[in-house]
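> Okay, here's the prediction I keep looking at, along with the sequence it came from:
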Amino acid sequence: MWLSVSATTRPPRPGEVDGVHYHFVDGDEFARMVSNQELLEWAVVHGRNWYGTPRAQVEERLAQGIPALLEIDLQGARQVRAAMPDARFVFLAPPSWDELVRRLVGRGTEGEEERTRRLATAKVELAAADEFDHIVINDDVHRATDEIVSLMGIETA
């Protein structure tokens, strides 16, 4: 399985590496990518930064028969569904709202204003979970990962 690396206009967090965690680009470069249809999907996330999935990387892996996993938001999933209706869509859900809040606060990477923005986005996304083919509850990272891998039809040793 191959995990796509998204492009974003967000600045890197401490420890993030360009090309590994994200492709960090400025607004002009992102706009160029959109204009040239180089992104399979793209959106403004949390009302602030642009994120998108480089199309060529995904198409290359799929052409090689390698399952591709895209970590995208609701807007992106809707765009990918329009572009690739045969794709399988999995909604990764928190075990509860309280746990989602606890995890977000526990990360310590966002201030209060950003947390509020992210939680507002999460409410909208949770309300749209039924648009997806499957819902996986992220109560245990190993169990949830195994379920996603199984849904992708990948056999594990």
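Ah, there it is. Residues are numbered from 1 along each chain as shown.

> only C-alpha atoms for contact and neighbour calcs from this point on.
Fine.

> In terms of helix, strand or coil, where does Tyr51 fall?
strand (DSSP: H, G, I helix; E, B strand; the rest coil).

> so how far is Asn138 from the spatially closest residue to Asp133 that is not a sequence neighbour?
Closest residue to Asp133 apart from its sequence neighbours, by CA to CA, 6 or more residues apart in numbering: Phe89 at 5.2 Å. Phe89 sits at a distance of 15 Å from Asn138 (criterion: CA to CA, to the nearest Å).

> Check Trp42 too.
Distance from Trp42 to Asn138, by CA to CA: 24 Å.

> And these two? Which one has more around it.
Each of Trp42 and Asn138 has its neighbours counted (other CA atoms under 10 Å); Trp42 has more, 25 against 18.

> That one bridge partners, please.
Gly52 (DSSP bridges).

> Contacts only, for it.
Applying CA atoms under 8 Å, 6 or more residues apart in numbering, we find Trp42 in contact with 34, 50-53, 75-76, 79.

> if we go to 7 Å?
Taking CA atoms under 7 Å, 6 or more residues apart in numbering, we find Trp42 in contact with 51-53, 76.

> Most neighbours among the residues you listed, which one?
Gly52 (27 neighbours).

> Pretty sure that one sits against Gln37.
No. Gly52 lies out of contact with Gln37 (CA atoms under 7 Å); the separation is 11.0 Å.

> got the contact list for the lengthiest helix in the chain?
In the chain, with assignment by DSSP state H, the single longest helix is helix 112-127. By CA under 7 Å, 6+ apart, the residues outside helix 112-127 that reach it are 46, 74.

> Can you dump the C-alpha atoms of the helix or strand following that helix in CSV for me?
Per DSSP states H and E, helix 112-127 leads on to strand 134-137 as the next helix or strand towards the C-terminus. Below are the C-alpha coordinates for strand 134-137, written out as CSV (Å, rounded to 0.1, in the frame of the first residue of the first chain):
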residue,chain,number,x,y,z
HIS,A,134,-17.3,2.3,5.3
ILE,A,135,-16.9,3.9,8.7
VAL,A,136,-13.9,2.8,10.8
ILE,A,137,-13.8,3.8,14.5
